[in-house]
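Engineer: model this:
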Amino acid sequence: MLHMRILRRFASSPWTTPSIEKRVNINHQMFHDDSVLSFVPLKARFAQSGGTIYLKSKGVIILEFLPKDFNQAEGRAKINPANKKTFTLQVENIYDYVSIGNNPVEWRRHNNSNDETKLLKFFRSEGGYSLKLEILNGNTPVDKKEFTMTPSEYYITRQLLEYSIPYLMGWYPLGDPRLAENSLAAEEVSNNPFESI
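Structural biologist: Next comes the predicted model:
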């Protein structure tokens, strides 16, 4: 009888039943004098058909390049969100990122609707590790952003990306299907703010 009471208390514990009332949006930001680089993780998404919850799409990492403009009135540089540029890093790209050697790597994303291409180059540089984003309209360069991380900044992002793989792949609910149910319910309440990226 005591054993059954303990089981019932454990089953109703807030530590074992995820709440769907709150959503957690996190990112990792690196601030330099002239720009900010953010790593924004988006978990895998689920859908339901009958009594089965299945993986709808893998998660991604959104890289946000935010320039700083000098504000003459305040005498300091401020982030200019209007000129933000983003790049979607797929889970399949993580290996190239975490095992970068002397040879640069690059990833390309093409938008057929406006003929825009985003080219992200990642390479070792004199100051550490550089990410260079180029925006092309057809074959014509229209914008570019570059951010150089120190070795310690790169180390932190590498660890975060490796840790994020089960969440991006949608494997984290394997031990507890309620995590997938919670993710599905939360998605119905609030649309993904990065849906259009």
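Engineer: Every contact and neighbour count from this point should use C-alpha atoms.
Structural biologist: Noted.
Engineer: gap between whichever helix in the chain runs longest and the chain center?
Structural biologist: Using DSSP state H to define each element, the chain has its longest helix at helix 151-169. How far helix 151-169 lies from its chain's middle: 10 Å, per Cα atoms, centre = their mean, to the nearest Å.
Engineer: With stretch 123-132 instead?
Structural biologist: 20 Å.
Engineer: Over to stretch 81-88?
Structural biologist: 13 Å.
Engineer: Quote the end-to-end distance of that stretch.
Structural biologist: Using Cα to Cα, to the nearest Å, one end of stretch 81-88 lies 18 Å from the other.
Engineer: Which strands or helices does the longest helix of the chain pack on?
Structural biologist: The elements that helix 151-169 packs onto, with contact taken as 3 or more Cα pairs under 8 Å, 6 or more residues apart in numbering; DSSP states H and E, are strand 35-42, helix 94-98, strand 128-137.
Engineer: Packed most tightly, which of these would that be?
Structural biologist: strand 35-42 (a mean of 20; mean count of other Cα atoms under 10 Å).
Engineer: And the next helix or strand past that one?
Structural biologist: Downstream of strand 35-42, the first helix or strand assigned by DSSP states H and E is strand 45-49.
Engineer: got the buried residues for the very next helix or strand once past that next one?
Structural biologist: The element immediately downstream of strand 45-49 (helix or strand, assigned by DSSP H and E) is strand 52-57. Within strand 52-57, no residue qualifies as buried by neighbour count (16 or more other Cα atoms under 10 Å).
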